[in-house]
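Novice: build me a model:
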Amino acid sequence: MKESILCETVDAGKNEMMKIAKNCRHCAMCKVDFLGSGVCASGLEKQYVSFYPEGRMDLYAAIAENAIPVTEKCVEIADSCTLCGKCDYQCYFVNEMRPSKVMKALKDYVDTYLKSGGNIVLSKDDEILTEMKKIVFLLIMFSVSACVAIPKETATLSQTLGTDLKVLHNTHRNMVTLYFEKIKNEINSFVNDVYSPFIINYVLKSDLKNYQEGNPSLFGAIEIAGKKEGKEESENALKEMSDFLDAARRNIETKRNELISPINTQQNQVLQAVDQSYENAIYANSTITGYLESVQKVKAAQKEALSMIGMEGADTVMTNNLVKLSDQLDTALKKGKEIDIKSDNAYNQFESIIKEIKNLTNKK
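Specialist: Reported below is the predicted structural model:
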C-alpha cells in the first residue's frame, strides 16, 4: 500500500527528488544565516537536525526507499515545514541545490499517506536507550550535588561558546573560500578573454613588422609555403605555427600563474589564521568559565574571551577586507577589459593593470 501511495505522490519526479536528497553534503550551512535571509523556523525552535532541511532530506530518502515507516515524529517533522523557501537561498548559494522541492515532496507524501488511511506507526521504546538515560540522569544528579559551588552560567557559557565557535569556524572558512574563488575566477576570465587575445595580437604585429622588413617570420614561412607548395616548405610553415602557439600558450599560462599564485598564498594564510584563532578560542573557553558570577555576565564574558585571544571584531574586519579586495580587483579587471588590444598603447596599459592587480593581491 505504501509503495502505491509513493508512486502517486512523487511519480515522475521521484528520481529528481531522490537525487537532491542523496546529494545533500550535510555542510550545515542551512543552519547559519550567512545571507541575512533567515533560517528554518522549525529548526530554530526544535534545535534538532531532523527539523532542519538536511534532516528532512534524509527523512525523505529513507521513506522513498521504504527504509522506515511513517511515525508520529515523521508527521510532525513534515508538518513543521512551512515551505518558506529560506533553505533554497542558502543551499543554492553554496551547493546550487533547491531543497524546498524535497520538503514539498515529503509533505505531499505524508499528506497523501494519511488521507488514504495509512496507519501511523508508534515508536517502540528502546530498552538500551532507556537504561542509558537513567545512567546519564544519575551522573547529572551526582555532578550537581558535587559541584554546587559552580554557578549555572558556567554551563551556559560553555555550551554557547562551543556551539557558536564551531558554526562560526565553518562559516568563516566557507566565506573565505568563496571570496578567493570569486577573485580567481575573475582573474581567469581576464586572462582568457582579454590578455590572451592581446598577447597573440601583440606578437603577430611584431611578426608582421619582421615580415615587412624582410626578416624571418611566421608570415614569411606561410607565404613561401603557399608559393612553392613543397613538402619542406609546408612542414616548415607548420613548425613555425606550432612554435608560435606553444610560445603564446606558455606566455599566457605564466601570466595566469603570476597573478593567481599570490591569491592562493593569501587564501592559505587566511585559512590557517582562521583555524588557529578558533583553536585558541576553544582552548580559552575551558579557562574563563570559572570567573562568571551572574547570568548577565555571560555575553560580556564571551566578548572578553574573544578579546583575550585577539578575535574581537576579527570576523567583521576579515570580511570587510575581503569584500574590499574583491571590489578593487573587480574595478581593475574591468579597466583591463576596456583596453583596445589593437591600439599602440595597449601593451603599456596592460602592464599598468597587471601591476595594479599584483599590488592588490600582495598586500598583507
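
Novice: CA only for contacts and neighbour counts going forward, please
Specialist: OK.

Novice: confirm for me that F180 is in contact with I263.
Specialist: Yes. Using C-alpha atoms under 8 Å, F180 is in contact with I263, at 7.1 Å.

Novice: those two - which one has more neighbours?
Specialist: I263 (21 against 18; other C-alpha atoms under 10 Å).

Novice: looking at the more buried one now. What's its pLDDT?
Specialist: Model confidence at I263, given as pLDDT, is 84.

Novice: for the remainder of this discussion, apply numbering that starts at 52.
Specialist: Happy to do that; since the first residue is 52 now, the last one works out to I314.

Novice: and it, what element?
Specialist: With elements taken from DSSP states H and E, the one containing I314 is helix 282-339.

Novice: please identify the buried residues of whatever helix or strand M154 lives in?
Specialist: Counting by DSSP H and E, the element that carries M154 is helix 151-166. Buried residues in helix 151-166, counting neighbours by 16 or more other C-alpha atoms under 10 Å, are found at 151-164.

Novice: swap in stretch 297-312?
Specialist: Result for stretch 297-312 [16+ other C-alpha under 10 Å]: buried residues A299, I303, K306, R307, L310, I311.

Novice: residues contacting the first one?
Specialist: Pointing back at A299 there. I250, I251 (C-alpha atoms under 8 Å, 6 or more residues apart in numbering).

Novice: same deal with the third one?
Specialist: With contacts taken as C-alpha under 8 Å, 6+ apart, K306 has the following neighbours: V242.

Novice: and it, what pLDDT?
Specialist: For K306, pLDDT reads 86.

Novice: tell me how far it lies from F241.
Specialist: 11 Å (C-alpha to C-alpha, to the nearest Å).

Novice: just the second one next, same as before
Specialist: Relative to F241, I303 is positioned 11 Å away (criterion: C-alpha to C-alpha).

Novice: try the fifth one
Specialist: As defined by C-alpha to C-alpha, L310 lies at a distance of 10 Å from F241.

Novice: what's the answer for S174, then?
Specialist: Taken as C-alpha to C-alpha, the span from S174 to F241 is 59 Å.

Novice: neighbour-wise, which of those two wins?
Specialist: F241 (18 against 11).

Novice: state the mean pLDDT of the helix or strand hosting the more buried one.
Specialist: Per DSSP H and E, F241 falls inside helix 203-241. Averaging pLDDT along helix 203-241 gives 74.

Novice: next helix or strand past it?
Specialist: Once helix 203-241 ends, the next helix or strand along the chain (criterion: DSSP H and E) is helix 247-263.

Novice: got the contact list for that following helix?
Specialist: Residues outside helix 247-263 that contact it (C-alpha under 8 Å, 6+ apart): P267, S268, L269, F270, G271, A299, I303, I392, K393, A397, Y398.

Novice: let's see which of these end up in helices.
Specialist: Within these, residues falling in helices by DSSP state H are L269, F270, G271, A299, I303, A397, Y398.

Novice: closest one of those to C138?
Specialist: I303 (41.1 Å; C-alpha to C-alpha).

Novice: what residue ranges in the protein score low on pLDDT?
Specialist: 52-64, 175-177, 180, 184-216, 332-378, 380, 383-384, 387-388, 392-393, 411-415 (pLDDT under 70).

Novice: residue contacts, G106?
Specialist: Contacts of G106 (C-alpha under 8 Å, 6+ apart): V100.

Novice: quick revisit: which of the ones in helices among the contacts of helix 247-263 has the most neighbours?
Specialist: Counting by other C-alpha under 10 Å, top hit in the ones in helices among the contacts of helix 247-263: L269 with 21 neighbours.

Novice: now T122. Its backbone dihedrals?
Specialist: Phi and psi for T122, reported as degrees, to the nearest 10, are phi -110, psi 170.

Novice: mind checking how far the closest residue to it other than its chain neighbours is from I128?
Specialist: Spatially, and ignoring its direct neighbours in sequence, T122 is nearest to V172 (4.7 Å; C-alpha to C-alpha, 6 or more residues apart in numbering). Separation of V172 from I128 (C-alpha to C-alpha) stands at 14 Å.
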